[in-house]
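**Student:** what would the 3D arrangement of this be:
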Amino acid sequence: FVETHFDLGNTYTEIIAPQDVATYGALCALASFDRAELKNKVVDNINFHNFLELVPEVRELIHDFYASRYASCLGYLQKLKPNLLLDIHLYDHVETLYEQIRHK
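**Tutor:** Next comes the predicted model:
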């Protein structure tokens, strides 16, 4: 997800919305990347930054996590969770992703 170019975002809207690229990419990155990878592949990635601008809550979640503002980060995770549990592709993975993020 984090390697997706923003110009592709409007080409495949029948398959995945650009906002979903931001959300899925951010959650998977938080769950799996170490700090250096997060900075290199997400925080400093201009292409992915364009996707994150579409979902301000997810953008702030990433920035708060990277800046070690964990209370705020966990707050954003709690706000996002009800909608993520309704997502047809993500609902089965929400608890696992959240557990991996919390244990970083």
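**Student:** centroid residue for this structure?
**Tutor:** Among the residues of the chain, the one closest to the centroid is Ala26, at 1.8 Å (Cα atoms, centre = their mean).
**Student:** my read: that residue touches Leu61, true?
**Tutor:** Yes. Proximity of Ala26 to Leu61 meets the contact threshold set by Cβ atoms under 8 Å, at 6.5 Å. Glycine gets a C-beta too; all of them are placed from N, C-alpha and C.
**Student:** buried sites along the helix or strand containing the residue nearest to the centre of the chain?
**Tutor:** In the assignment (DSSP states H and E), Ala26 maps to helix 18-32. Residues of helix 18-32 classed as buried by neighbour count (16 or more other Cβ atoms under 10 Å): 18, 20-31.
**Student:** tell me the one of these nearest Ser68?
**Tutor:** Lowest distance from Ser68 to the buried residues of helix 18-32 (Cβ to Cβ) belongs to Leu30, with 13.1 Å.
**Student:** and the closest residue to that closest one other than its chain neighbours, what helix or strand is that in?
**Tutor:** Leaving aside its chain neighbours, Leu30 sits nearest to Ile101 (4.7 Å; criterion: Cβ to Cβ, 6 or more residues apart in numbering). Element membership for Ile101 (DSSP H and E) is helix 94-102.
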